[in-house]
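Student: coords please:
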Amino acid sequence: FMGKRTIAEYVENDEILTILREIGVDFAQGFGVGRKIPLTALLPAELGSTYSRSTRK
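Tutor: Below is the predicted model of the structure:
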């Protein structure tokens, strides 16, 4: 074990997700895990309905 983690992409259904878990994949992304949503819909929920913008100089 090299201390690395694996991410599977294009996980489209529960069957694929189950197989990935069985073979030890650490993370998964795709429509089988969750549909994409606009960032503007996610931010208010995550930030307590306040949006802050930071700038780097």
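
Student: hey, where'd the helices end up in the chain?
Tutor: Per DSSP state H, the chain carries helices over the ranges 14-22, 39-46.

Student: remind me which residues of this protein are low pLDDT?
Tutor: Along the chain, the model assigns pLDDT under 70 to residues 1, 44-57.

Student: Could you rerun that using 50?
Tutor: 51, 57 (pLDDT under 50).

Student: For the nearest residue to Asn13 once chain neighbours are set aside, which residues are in contact?
Tutor: Leaving out its chain neighbours, the residue that sits closest to Asn13 by CB to CB, 6 or more residues apart in numbering is Gly32, at 4.6 Å. Every residue, glycine included, has its C-beta placed from N, CA and C. By CB atoms under 8 Å, 6 or more residues apart in numbering, Gly32 lies in contact with 11-14, 16-17.

Student: Try it again at 10 Å.
Tutor: Gly32 sits next to 8, 10-17, 20 when contact means CB atoms under 10 Å, 6 or more residues apart in numbering.

Student: any chance of the residues you listed in JSON lines, plus distance to Met2?
Tutor: Listed next are the contacts of Gly32 as JSON lines, based on distance: CB to CB, whole Å:
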{"residue": "Ala8", "distance to Met2": "18"}
{"residue": "Tyr10", "distance to Met2": "24"}
{"residue": "Val11", "distance to Met2": "23"}
{"residue": "Glu12", "distance to Met2": "28"}
{"residue": "Asn13", "distance to Met2": "30"}
{"residue": "Asp14", "distance to Met2": "29"}
{"residue": "Glu15", "distance to Met2": "29"}
{"residue": "Ile16", "distance to Met2": "25"}
{"residue": "Leu17", "distance to Met2": "24"}
{"residue": "Leu20", "distance to Met2": "19"}
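
Student: For ChimeraX, write the selection for the buried entries among those residues.
Tutor: With 16 or more other CB atoms under 10 Å as the criterion, this ChimeraX line picks the buried residues out of the contacts of Gly32:
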select :8,11,16,17,20
